[in-house]
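*Asks:* mind looking at a prediction? Sequence and model below.
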Amino acid sequence: MTADTLDQVWARRVHDEPDAPALTYHDRTLTVRDVDDLADALADALAERGVEQGSRIGVHLQNVPQYAVIFVALWKLGAIGVLINPMYFGRELRVIVDDAEPVGIIAAADDVARIRDALAGTSAPWVIGTSESFGGADDELMTLVQRHIGGRAPQVAVAADDVALLVYTSGTTGPPKGAMNSHANILAVTSSFAALSGIGRGSVAFALAPLFHITGAVLLGALPLVQRAELVVAGRFTPAVALAAMRDHQVTYTIGSITAFTAMMNSPHASAEHFASATTLFSGGAPVPPSTVTRFQERFGCYIHNAYGMTETSSGVIAVPPGAVAPTEPARGTLSVGKALDGVHASVVDTDGRTLESGVEGELVLSGPQIVAGYWRNPEASAVALPEGRLHTGDVAVIDDDGWIYIVDRIKDQINVSGYKVWPREVEEALYEHPAVLEAAVIGVPDDYQGESVVAYASLRDGTVTGPELVDFCRNRLAAYKRPRRVEIVADLPKTQTGKIQRRVLRESTSV
């Protein structure tokens, strides 16, 4: 018996519950049959434009309902979705287009001209615009779909190992690489995460994380569609809109960066009412300070469960089970990211690749059906990151005797002070203990005497603390070599659109 593919799982849902709610956008809800009809029409229209099995289609959109329709249409065609950050217009866009070679791009109507200009002079793909209103005079995509209503996707034989999504890494350690997320990879993640979280019929998932990111695409885009839940989208994230969506649509499940949860928590209008229906909240993509989890639970009565995943793991493969409280690692106070999900094998290894015993820090290595086979047209990088199919994550971790996993930090972010290693995250955790600190980031800067010294940046909830006072605050919390030499107070820390604090940007802009 062959393994399932995304189109097969979706087809069974269409057969079993065609009238169930599948997709909600503000005050409009589409049933499973509605989404399927629109996806059939889009698949027919794309096939007419020459899209076939294995073709790449770029998706350059915020969190709009078209995402679900596009996903299902591409599953039906056996085509590959190339997820592109909608903030990319210059070199970042061209790098992805040159590598993936999509035959077309679907983008916001207002961005079409800018994308065409950015790709001028290349063998540019066609670009179709769509609007956040999900229709209207400027919505070329939905106009095209309406012309093809009643059409059907051509019959193709999709295999479980076929690539469904091509998602590019952030490029922090070199040029972006396209992780080949297969149908089998995505189904392995959606089934294991749904089993952990109890997501299924009657669940309502809100797209808090951006759908162009692997977390949003798989755990908020694909998961509700194939696990028979309802997906709620509300455009680009703002705290007010997200809070309203959580309350008005009785959302039970979401996942997003801790910065998104912090922004909602800091909204003056937020109350427990907004999270009254929530049963499982997850945060992934960036370190979660224990103090933030505590404050959120005290204010709203909801516990934020940590989770961990990468583009190469097709999103979340480690998570804190609902009902459990993540322990903190005694030596550093780091909150656990959870336990490995079903089918995932996690270990830590030393620099020679030898597996280390529990409680000893080393590089986190992961294997299982969720792990991609490699990077698009890049066998050299695939061989380095995925020797024998085991993903070397680049994260330093500790696994305790009970299977709880703690991420210490990124290997490349380690600071060397007079031969002593300092993990930025440990210093950040100390800063987060101060009630005035909203966000913190720590970097190493060159030092003629020590090799490197520790410098911290912090944004505040209020203006009642100074940098020198925060340095003094760390005095009784950290060994002398770990204490920041100085703390710079800033209005906001640089972040990616997915909410990760960019230490690299701080390093590049910091003077010694």
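*Replies:* Thanks, I have it. All values reported here derive from a predicted model rather than from experimental measurement. Residues are numbered from 1 along each chain as shown.

*Asks:* can you report how many residues neighbour L493?
*Replies:* 18 (other CB atoms under 10 Å). C-beta here means a position set from N, CA and C on the backbone, and glycine is covered the same way.

*Asks:* pretty sure it contacts V437?
*Replies:* No: taking contacts as CB atoms under 8 Å, L493 lies outside contact range of V437: 11.1 Å.

*Asks:* which residues do those two both contact?
*Replies:* Common neighbours of L493 and V437, counting by CB atoms under 8 Å, 6 or more residues apart in numbering, are S459.

*Asks:* where are the low-confidence patches of the chain?
*Replies:* Residue ranges of the chain with pLDDT under 70: 1-2, 170-174, 419-420, 448-449, 497-498, 511-512.

*Asks:* residue closest to the middle of it?
*Replies:* T215 (3.1 Å; CA atoms, centre = their mean).

*Asks:* can you tell me the element that residue falls in?
*Replies:* helix 214-215 (DSSP states H and E).

*Asks:* packing partners of the helix or strand just after that helix?
*Replies:* Stepping forward along the backbone from helix 214-215, the first helix or strand reached (DSSP H and E) is helix 223-226. Here helix 223-226 touches helix 6-16, helix 66-77, helix 183-197, strand 230-233, going by 3 or more CB pairs under 8 Å, 6 or more residues apart in numbering; DSSP states H and E.

*Asks:* looking at those, which is nearest to R152?
*Replies:* helix 66-77 (8.6 Å; CB to CB).

*Asks:* who are the packing partners of the closest one?
*Replies:* Going by 3+ CB pairs under 8 Å, 6+ apart, helix 66-77 lies up against helix 6-16, helix 32-48, strand 56-60, strand 80-83, helix 140-147, helix 223-226, strand 230-233.

*Asks:* output it as CSV - backbone C-alpha positions only.
*Replies:* As requested, the backbone C-alpha atoms of helix 66-77 are provided in CSV (Å, rounded to 0.1, in the frame of the first residue of the first chain):
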residue,chain,number,x,y,z
GLN,A,66,-6.1,32.5,-1.1
TYR,A,67,-3.3,30.6,0.6
ALA,A,68,-5.6,27.7,1.4
VAL,A,69,-7.0,27.6,-2.1
ILE,A,70,-3.5,27.8,-3.7
PHE,A,71,-2.2,25.0,-1.4
VAL,A,72,-5.0,22.6,-2.4
ALA,A,73,-4.7,23.5,-6.1
LEU,A,74,-1.0,22.8,-6.1
TRP,A,75,-1.6,19.5,-4.3
LYS,A,76,-4.0,18.5,-7.0
LEU,A,77,-1.5,19.4,-9.7
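
*Asks:* run the angle between that helix and strand 56-60 for me.
*Replies:* In terms of direction (axes from the mean of the first three to the mean of the last three CA atoms, to 10 degrees), helix 66-77 departs from strand 56-60 by 170 degrees.

*Asks:* please identify the buried residues of helix 66-77?
*Replies:* 66-77 (16 or more other CB atoms under 10 Å).

*Asks:* if we can go back for a sec, got CSV for the helices and strands packed on helix 66-77, with mean neighbour count too?
*Replies:* Output for those, formatted as CSV (neighbours: other CB atoms under 10 Å):
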stretch, mean neighbour count
helix 6-16, 17
helix 32-48, 22
strand 56-60, 24
strand 80-83, 26
helix 140-147, 18
helix 223-226, 25
strand 230-233, 26
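
*Asks:* residues contacting the residue nearest to the centre of the chain?
*Replies:* So T215 contacts 209, 255, 284-285, 309, 315-316, 498 (CB under 8 Å, 6+ apart).

*Asks:* at 7 Å what do you get?
*Replies:* Shown in contact with T215 (CB atoms under 7 Å, 6 or more residues apart in numbering): 209, 255, 284-285, 309, 315-316.

*Asks:* any chance of those in CSV, plus distance to V156?
*Replies:* Shown next, in CSV, are the contacts of T215 (distance: CB to CB, whole Å):
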residue, distance to V156
A209, 30
I255, 31
G284, 33
G285, 34
G309, 29
S315, 25
G316, 29
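
*Asks:* nearest to V9, of these?
*Replies:* Once CB to CB is applied, the member of the contacts of T215 that ends up nearest V9 is S315, at 16.8 Å.

*Asks:* tell me the bridge partners for that closest one.
*Replies:* Note on S315: beta-bridge partners by DSSP bridges are M310.

*Asks:* confirm for me that A47 is in contact with P154.
*Replies:* Yes: contact criterion CB atoms under 7 Å: A47 and P154 qualify, at 5.3 Å.

*Asks:* L366 and G394 touch, don't they?
*Replies:* No: using CB under 7 Å, L366 makes no contact with G394, being 11.3 Å away.

*Asks:* the two - which one has more neighbours?
*Replies:* More neighbours surround L366 than the other of L366 and G394, with 26 against 15 (other CB under 10 Å).

*Asks:* got a list of what the more buried one touches?
*Replies:* 313, 317, 344, 346, 391, 393 are the contacts of L366 under CB under 7 Å, 6+ apart.

*Asks:* Three-state assignment for it, please.
*Replies:* Judged by DSSP: H, G, I helix; E, B strand; the rest coil, the three-state class of L366 is strand.

*Asks:* tell me what it is bridged to.
*Replies:* Here L366, judged by DSSP bridges, has bridge partners A346, L391.

*Asks:* how many neighbours does the closest residue to G309 other than its chain neighbours have?
*Replies:* With sequence-adjacent residues excluded and distances taken as CB to CB, 6 or more residues apart in numbering, G309 is closest to G316, at 4.0 Å. When counting by other CB under 10 Å, one arrives at 30 neighbours for G316.

*Asks:* is it true that G316 touches G284?
*Replies:* Yes: using CB under 7 Å, G316 is in contact with G284, at 5.9 Å.
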